[in-house]
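Visitor: sequence and predicted structure below; questions after.
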Amino acid sequence: MCYCMCMLDHRVQILLDDARYQKVSGEAKRRGVSIAAVIRDALDRLPSDADVRRGAIDALLAAEPMPLPADPAELRRELDDAHARFHG
């Protein structure tokens with residue numbers, strides 16, 4: 001949450017359906033703040049690129065070890081197959 005007296009430089013206009021408006025309006029009333037403050041807080045909570053990369057690295061490091069083929073050509077085939085399955 002931005003507690004500083006930030007300079008707000010950009011105006012954004014969005015359209016919300018009734019359900020989303022009621023949700024954000026209710027949250028603003030519950031907190032005693034403006035709807036804009038609730039939306040700014042939600043934006044502040046979005047992960048940064050660094051957070052996303054850190055999460056991916058942590059997931060890789062936490063993964064269980066897996067057996068690898070002794071033949072590098074077989075490993076290449078497995079990686080190519082996995083790539084093809086993932087990317088269609």
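Guide: Okay, I see it. Residues are numbered from 1 along each chain as shown.

Visitor: so which elements touch the helix or strand where residue 83 lies?
Guide: For residue 83, the host element (DSSP states H and E) is helix 72-87. Using 3 or more C-beta pairs under 8 Å, 6 or more residues apart in numbering; DSSP states H and E, no helix or strand is in contact with helix 72-87. The C-beta positions use only the backbone N, C-alpha and C, and glycine is treated the same way.

Visitor: low-confidence ranges, the chain, go.
Guide: Scanning the chain for pLDDT under 70 picks out 1-5.

Visitor: what are the ranges of the helices in it?
Guide: Using DSSP state H, the helices found in the chain span residues 18-31, 35-44, 49-62, 72-87.

Visitor: buried sites along the shortest one?
Guide: Residues 38-40 are the ones in helix 35-44 that count as buried (16 or more other C-beta atoms under 10 Å).

Visitor: now render these as a markdown table, adding distance to residue 62.
Guide: Shown next, in a markdown table, are these (distance: C-beta to C-beta, whole Å):
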| residue | distance to residue 62 |
| --- | --- |
| 38 | 34 |
| 39 | 34 |
| 40 | 33 |
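
Visitor: okay, the helices of the chain, which one's buried deepest?
Guide: Neighbour counts (mean count of other C-beta atoms under 10 Å) averaged over each of the helices of the chain peak at helix 35-44, with a mean of 14.

Visitor: what angle do that one and helix 18-31 make?
Guide: Helix 35-44 and helix 18-31 are oriented at 100 degrees to each other (axes from the mean of the first three to the mean of the last three C-alpha atoms, to 10 degrees).

Visitor: pretty sure residue 35 contacts residue 25?
Guide: Yes. With contact defined as C-beta atoms under 8 Å, residue 35 counts as touching residue 25 (6.0 Å).

Visitor: got the contact list for the residue most central in space within the chain?
Guide: Centrality entry for the chain: nearest residue to the mean C-alpha point is residue 47, 4.9 Å, by C-alpha atoms, centre = their mean. Counting by C-beta atoms under 8 Å, 6 or more residues apart in numbering, residue 47 touches residue 55.
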